Every structure is written in C-alpha cells, then in structure tokens.
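**Student:** Just need the structure, nothing else, for what follows:
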Amino acid sequence: MATALRSLITDLAEKVVLSAPEKITDLAAHEESRAADLGDLAAVNRANGMPRFLFASSSHVVGYYKQSETVDASAMPRPDSLYGMTKTFGEALARFYFEKFGQKTAILRIG
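**Tutor:** Just a heads-up that it's a prediction; the model follows:
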C-alpha cells in the first residue's frame, strides 16, 4: 500500500517521512526515511514523533451493508468478518488516540 500511495501524496505534504524496519533508499526529494520496527516503541518514537499516520483499513469494516446501499465515511461500522472486526478496532483505536493525545491518523479503507 505504501508504495502505491507515495506518488499520490506528493502534493499533500512538503515532507513525507517513510518508515519501515529497514531504511528506504529510493527517496524522492521531499521524502525522508526513518527505520523503525513497530515492535520497538523507542525506535517508533524516534522515527515518527507525532505526524499523521496512515492506517490501512478495509471495506470489510462496512461489509454487511447491502450492495444496493451507498455508504460513506460517516456510516456506522458493520463488519462482515473477524478480519473486518480487527480493522474496525484499528479505526476505533485511531479515534481514541486522536481524542486522548491529538494523534492524527488518515484512514484508508481498501477494497
């Protein structure tokens, strides 16, 4: 997902910080790489500070709506599987971190 989005967010930010367990080397002029493993809290804090995160969610969060219904970002979650439940939890966790700590997260429902 990150590889596909890199070209799409070029015009949205002056600087884009990319993070992965290994340093990313094919950077554009406006990109910066900071290696961090998500299991290492200290490394994540050093790498990311409080930028906007991108959470890869899924259309399975709203998968139990009928195909004839039109839903948007304001639709209540209706997960269609345990996978959809985990993505619903991730979205709720992102909202909690925004309310409690001001951590911004962009949520992309793939599919």
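**Student:** dump the residue contacts of the residue nearest to Tyr83 when sequence neighbours are not counted.
**Tutor:** The shortest distance from Tyr83 to any non-neighbouring residue, by C-beta to C-beta, 6 or more residues apart in numbering, is to His60 (5.5 Å). No exception for glycine: its C-beta is placed from N, CA and C like everyone else's. If a contact means C-beta atoms under 8 Å, 6 or more residues apart in numbering, then His60 has 79-81, 83-84, 87, 111 as its contacts.
**Student:** Enumerate every residue touching the residue of the chain most remote from its centre.
**Tutor:** Using C-alpha atoms, centre = their mean, the residue of the chain lying farthest from its centre is Ser68. It sits 27.6 Å away. With contact set as C-beta under 8 Å, 6+ apart, Ser68 has no partners.
**Student:** Could you say which helix or strand holds it?
**Tutor:** In this assignment (DSSP states H and E), Ser68 forms part of neither any helix nor any strand.
**Student:** pLDDT (mean, whole number) over the lengthiest helix in the chain?
**Tutor:** Counting residues, the longest helix found in the chain (DSSP state H) is helix 82-101. For helix 82-101, mean pLDDT rounds to 96.
**Student:** buried stuff in the next helix or strand after that helix?
**Tutor:** Per DSSP H and E, helix 82-101 leads on to strand 105-110 as the next helix or strand towards the C-terminus. Neighbour counts over strand 105-110 (16 or more other C-beta atoms under 10 Å) mark 105, 107, 109 as buried.
**Student:** All good on my end, thank you.
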